[in-house]
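1. Quick one: sequence and predicted model below, then my questions.
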Amino acid sequence: MPVINRIAGFAEEMTGWRQHLHAHPELGFDCHETARFVVERLQECGITDIHTGIAKTGVVAIVEGQGDGPTIGLRADMDALPIAEETGLPYASTHPGRMHACGHDGHTTMLLGAAKYLAETRNFAGRVALIFQPAEEDGGGGGVMVEEGIMDRFDISQVYGIHNAPGLPLGMFCTAPGPLLAAVDTFEIHIRGLGGHGATPHETRDPVVAALAIAQGIQTISSRNHYALDDLVISVTQVHAGSAENIVPETAFVGGTVRTFDAEVQAMVQRRMKQIVTGTAAAYDVEAELDYQVWYPATINDADRAAFAAEVAREVVGADNVDDATTREMGAEDFSYMLNARPGAFLFLGQGEGAGLHQSKYNFNDAVAPVGASFFARLVERAQPLAG
């Protein structure tokens, strides 16, 4: 079964939705206009059971099927990124310094397309909960929606999400049972010494050399405290200090990210990082404070739901275009909170060649939207079929 004919029939309308969203990006939890646009499109589809203001600007809409049955959740994220767009498109961002550089405009469009079809046909039992989520990029909006009780409030029994993937062939689905994306933590190290003249460093307590030593020491956690075949990434991504070539500064800053799959590895990293920061500060006679923040958990697919989702994807795009044993990645996703709350699966959907995610020249490929919408729709019909 290829792309659903009815969805292919309104593909041009979906392109218009997506390009409107692309031109009007919003950040974090402040997706007010995006949420309003989503609600208007849902109402045009005849959907009336719409709940707003969840996680500030999140939306959950319920589509009733025919007869009793469970509720399946489908999720799309709505927020953009603080990046200046350089695509030159006629529908480029109208908000300087913001753009949809991760394709959330496309994710929202795919779910709206599925909503339009499901509301027209209602060829399923039970209910569908359409989850439009803010703040995936920064703020963990998925976790906030779970904390605010959407799974229990709407009696969601399983949940699914899609993320576009530049570089994968157009229309190809990739997923896997178990861990798919890593947990993400961040760290900030604030170092204070005694500043002074660059010509008399012996009269200072230099925070710069301490910062460099700490940054180098942190890198040894992966190479000396950790089994090489267990996935772990520790990246120092920021080192800031100083204002002039002849001044030893008072303070320095080191920051970065940690990616893990295993809770014991995560705990080991926190422990060793604290030891390295404390010990190095003492060695260089400075003060140093570690602020370690645990963020999104690992995205872990339920094995049965991942297999089922791959089976549905094969119906839509063909067996040759589905990889159900893809390699897990060190990126992160706050859909993980929803998968911690309910069984389900997360999939990648190829959109062909083009600029990568989080790049200023990125653009979602509108040709893939009917594919994603068809997958969502068929997933519902297969998961909750009408009684024979």
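-> Cool, the structure landed.
2. ok, how many other residues are close to the nearest residue to D230 once chain neighbours are set aside?
-> Counting by Cβ to Cβ, 6 or more residues apart in numbering, V265 is the residue found nearest to D230 once chain neighbours are left out, at 5.8 Å. C-betas here are computed from N, CA, C, even on glycine. Residues lying near V265 (other Cβ atoms under 10 Å) number 19.
3. what do you get for H240?
-> 11.
4. and if you look at P179?
-> Neighbours of P179 (other Cβ under 10 Å): 17.
5. Could you tell me which helix of the chain is the longest one?
-> Counting by DSSP state H, the longest helix found in the chain is helix 263-283.
6. Just say helix, strand or coil for the residue minimising distance to the centre of the chain.
-> Centrality entry for the chain: nearest residue to the mean C-alpha point is E333, 3.4 Å, by Cα atoms, centre = their mean. With DSSP: H, G, I helix; E, B strand; the rest coil as the basis, E333 sits in coil.
7. Now the element after the longest helix of the chain, going C-ward?
-> Next in sequence after helix 263-283, counting helices and strands by DSSP states H and E, comes strand 287-294.
8. That next one vs helix 263-283, what angle?
-> Relative orientation of strand 287-294 and helix 263-283, computed by axes from the mean of the first three to the mean of the last three Cα atoms, to 10 degrees: 170 degrees.
9. Below-threshold pLDDT in the stretch 51-200 of the chain: ranges please.
-> Under the criterion pLDDT under 70, no range of the stretch 51-200 of the chain is flagged.
10. mind listing the strands for it?
-> 58-64, 71-77, 127-133, 156-165, 173-174, 178-181, 183-192, 196-197 (DSSP state E, counting those that start in this stretch).
11. among those, which is the most enclosed?
-> strand 127-133 (a mean of 27; mean count of other Cβ atoms under 10 Å).
12. Need the CA coordinates for that strand. CSV is fine.
-> The C-alpha coordinates for strand 127-133 follow below in CSV (Å, rounded to 0.1, in the frame of the first residue of the first chain):
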residue,chain,number,x,y,z
ARG,A,127,-9.5,7.3,19.7
VAL,A,128,-6.4,9.1,18.4
ALA,A,129,-4.6,11.7,20.5
LEU,A,130,-2.8,14.2,18.3
ILE,A,131,0.0,15.7,20.3
PHE,A,132,1.6,19.0,19.1
GLN,A,133,4.5,19.7,21.4
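13. for the nearest residue to R272 once chain neighbours are set aside, what are its contacts?
-> Distances taken as Cβ to Cβ, 6+ apart put I221 closest to R272, at 4.9 Å, once the chain neighbours are dropped. Applying Cβ atoms under 8 Å, 6 or more residues apart in numbering, we find I221 in contact with 232, 234, 268-269, 272-273, 276.
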